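**Student:** What follows is a protein structure lacking sequence information:
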Ligand code: ZN
């Protein structure tokens, strides 16, 4: 390749999974409609469902039906989140070949989530990665609470880096750093990302921010300036925080896209189509979603003088 290439950022839409998992349950029809609308926005990656125990997360009980009915649009990579081997087998049987697993950087958070220490979960994940690779799938490890823990408070960036050391040694194809409860700020993004990238410059790194405390877009901007090119975001800012009822969900996809496009950074996403999908998401969950761009419209939309 020669010449100057245009700057691009890749967004993974997580509204159908992380978003809807933290909303009141909606119908299978509604989930399929939202997934299909998102598939036609130009987004390259969608986290479609999770395969979790229906008693633990009733919002995802119909994951198989949702996925079998959803349109699989060419050019879109779909992934599923799984908590364990059973979930991984369900995801593989459903046809997924990009799979995400989670471990918390904070021991207390990990115990609350899966009743195991972080070290025990890392052993499980090593086995899961082998299982996924044997099945021809890729494995992404999401390190939850990378920027702070609701139980322990600050998380040492060195601890996050040591988890990245371990999972990449075990064969993880990608690593995502999750701001599970919206505790990241630009300063902490800089601290954690610089330590992790210094140790692992070649590992594909993805960042996952929640807007619980209003810092998500600032965090994305900070990381873009640091050179990180992959982000999770949720249409309309769908979702919430399991530890703070009523709190905002993931950073809103259209807010990220709107900001980046105006900076001359391409995402491949059609903002109008995305705003239509955000409107649909809002109707589906039947509450006003927290996205400013959804509420006000893009800056390109002027009003009559
Ligand atoms: Zn999340």
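**Tutor:** That came through, no problem. As the structure is a computational prediction, the values presented were derived from the model and not from experiment.

**Student:** List the contacts of residue 40.
**Tutor:** 73, 273 (Cβ atoms under 8 Å, 6 or more residues apart in numbering). Every C-beta, even on glycine, is put in place using the N, C-alpha and C of the backbone.

**Student:** Show me what the helix or strand hosting residue 112 is packed up against.
**Tutor:** Secondary structure assignment for residue 112, by DSSP states H and E: helix 107-114. For helix 107-114, the elements it packs on are strand 98-104, helix 118-134, strand 138-144, judged by 3 or more Cβ pairs under 8 Å, 6 or more residues apart in numbering; DSSP states H and E.

**Student:** now with 7 Å?
**Tutor:** Judged by 3 or more Cβ pairs under 7 Å, 6 or more residues apart in numbering; DSSP states H and E, the packing partners of helix 107-114 are strand 98-104, helix 118-134.

**Student:** Now do it against helix 118-134, angle only.
**Tutor:** Note on geometry: by axes from the mean of the first three to the mean of the last three Cα atoms, to 10 degrees, helix 107-114 and helix 118-134 are set 60 degrees apart in direction.

**Student:** got the buried residues for helix 107-114?
**Tutor:** Taking 16 or more other Cβ atoms under 10 Å as the neighbour-count basis, helix 107-114 is seen to contain the buried residues 107, 109, 110, 111, 113, 114.

**Student:** Going along the chain, name the strands of the chain.
**Tutor:** Ranges of strands in the chain, per DSSP state E, are 10-13, 45-50, 77-81, 98-104, 138-144, 174-179, 205-209, 230-233.

**Student:** Tell me which of the ones you listed approaches residue 303 most closely.
**Tutor:** Smallest distance to residue 303 across the strands of the chain (Cβ to Cβ): 26.9 Å, for strand 230-233.

**Student:** now for the closest one, which elements pack on it?
**Tutor:** If contacts are counted by 3+ Cβ pairs under 7 Å, 6+ apart, strand 230-233 sits against strand 10-13, strand 205-209, helix 253-262.

**Student:** and with 10 Å instead?
**Tutor:** When contacts are defined as 3 or more Cβ pairs under 10 Å, 6 or more residues apart in numbering; DSSP states H and E, strand 230-233 sits against strand 10-13, strand 45-50, strand 174-179, strand 205-209, helix 216-226, helix 253-262.

**Student:** so which of the helices and strands packed on helix 107-114 comes closest to residue 279?
**Tutor:** Checked against Cβ to Cβ, the stretch from the helices and strands packed on helix 107-114 lying closest is strand 98-104, at 27.5 Å.

**Student:** quick one: buried residues of that closest one?
**Tutor:** Of the residues in strand 98-104, those scored as buried under the neighbour-count criterion (16+ other Cβ under 10 Å) are 98, 99, 100, 101, 102, 103, 104.

**Student:** starting at the chain centroid, how far to it?
**Tutor:** 10 Å (Cα atoms, centre = their mean, to the nearest Å).

**Student:** where's residue 238 relative to residue 280, distance?
**Tutor:** Residue 238 sits 11 Å away from residue 280, going by Cβ to Cβ, to the nearest Å.
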